[in-house]
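K.L.:
give me the fold of what follows.
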Amino acid sequence: PRCRSDRTVRNGSYGHFQRYLCKDCDRTFNDKTGTIFAHSKVALRRWLFSIYAFLRFNTSLRQLQCEIEVTYKTIHRRVERFTEALDAPSLDLCGPVEVDEFYVSAGLKGRERDRWSRSRGLSRRGRGTYEQDKPPMFVLVDRGTEQRYLVPAKSADESTIRLLLASRQQEPLTVYTDGFRAYDPLEEDESFEREYVVHGDGEYADDTIHVNTCESHASLARRWLSPHRGISKDRLTQYFRAFQLRRELYRKPGREALKHAVKATL
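P.N.:
Below you'll find the predicted structure:
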């Protein structure tokens, strides 16, 4: 791991793991070195159980603390390392694409908090921004590839929407939205063909023109956050990446799902 050499030999053991010696830099390492499980004294089977329960059953960290009998600080630090290791989704839109947004009440917590109370910031109604402790989350559904993306943003404005739709395979790209005015400039751009429904007028679907798939995915995302109360807005990206990974595991059997989850962090 240190010098990227392939001249290694076996060199005893480290607990239950084989230890190796690099003949170029004389450093030792084991199978956990460089992974999210490195330097942990907790048995690997417990961490594998935690990852599986966290993804498959959306188990809260408090419950995992009781299940594997470790401190909350330990399980919280290890789950954070797991979510940080997940890659960001790369958007390559084929089209047509549904776009919608929803808002999450999330402020700063623990040592990140710079004020005594955050209840006032989280009581705002309607649309919000990152600075108002109500960051928007954009949902994109590519009907061409059946891929779904969750992307956090600082605010729901025209520049953010154009940035999300920048990676596309064809022009003009057909975009289905609701009546939110931030999508209006897409109608004047020749790179897009915007079709929309106005929820305020009681219009939710007009043949293929709707954002119902986005709203369904947003509903599942809100349920995913429910057991993890009080998530910091700076950690939302990590939790939603885990949510996206959970969707990939939905139809996989247990052993295959766990193998896929561990590979995603390596």
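K.L.:
who's in contact with residue 99?
P.N.:
Residues counted as contacts of residue 99 (Cβ atoms under 8 Å, 6 or more residues apart in numbering) are 138-140, 161, 164-165, 175-177, 183, 211, 214. Placement of C-beta: from N, CA and C, glycine included.
K.L.:
tell me the one of those nearest residue 49?
P.N.:
Distance ranking of these against residue 49, using Cβ to Cβ, places residue 139 first at 30.9 Å.
K.L.:
which strand residues bridge the closest one?
P.N.:
With DSSP bridges as the criterion, residue 139 is bridged to residue 100, residue 150.
K.L.:
how close does it sit to residue 249?
P.N.:
20 Å (Cβ to Cβ, to the nearest Å).
K.L.:
quick one: the helices in the stretch 101-250 of the chain, in order.
P.N.:
119-122, 158-164, 212-225, 236-248 (DSSP state H, counting those that start in this stretch).
K.L.:
for residue 39, find the nearest of these.
P.N.:
Between residue 39 and the helices of the stretch 101-250 of the chain, the shortest gap by Cβ to Cβ is with helix 236-248, which sits at 20.2 Å.
K.L.:
go through that closest one and flag the buried ones.
P.N.:
236-246 (16 or more other Cβ atoms under 10 Å).
K.L.:
go on, stretch 99-112?
P.N.:
Judged by neighbour count (16+ other Cβ under 10 Å), stretch 99-112 contains these buried residues: 99-107.
K.L.:
output that stretch as CSV, nothing but the C-alphas.
P.N.:
The C-alpha trace of stretch 99-112 is given here as CSV (Å, rounded to 0.1, in the frame of the first residue of the first chain):
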residue,chain,number,x,y,z
VAL,A,99,-36.5,16.5,-12.8
ASP,A,100,-38.0,17.4,-9.5
GLU,A,101,-36.8,18.7,-6.1
PHE,A,102,-37.7,18.2,-2.5
TYR,A,103,-36.4,19.9,0.7
VAL,A,104,-34.8,18.4,3.8
SER,A,105,-34.8,19.9,7.2
ALA,A,106,-31.2,19.6,8.3
GLY,A,107,-29.0,22.0,10.2
LEU,A,108,-25.8,21.7,12.1
LYS,A,109,-25.4,19.4,15.1
GLY,A,110,-22.8,18.5,17.7
ARG,A,111,-19.5,20.3,17.4
GLU,A,112,-20.5,21.7,14.0
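K.L.:
confirm that residue 46 sits in a helix.
P.N.:
Yes - under DSSP: H, G, I helix; E, B strand; the rest coil, residue 46 sits within a helix.
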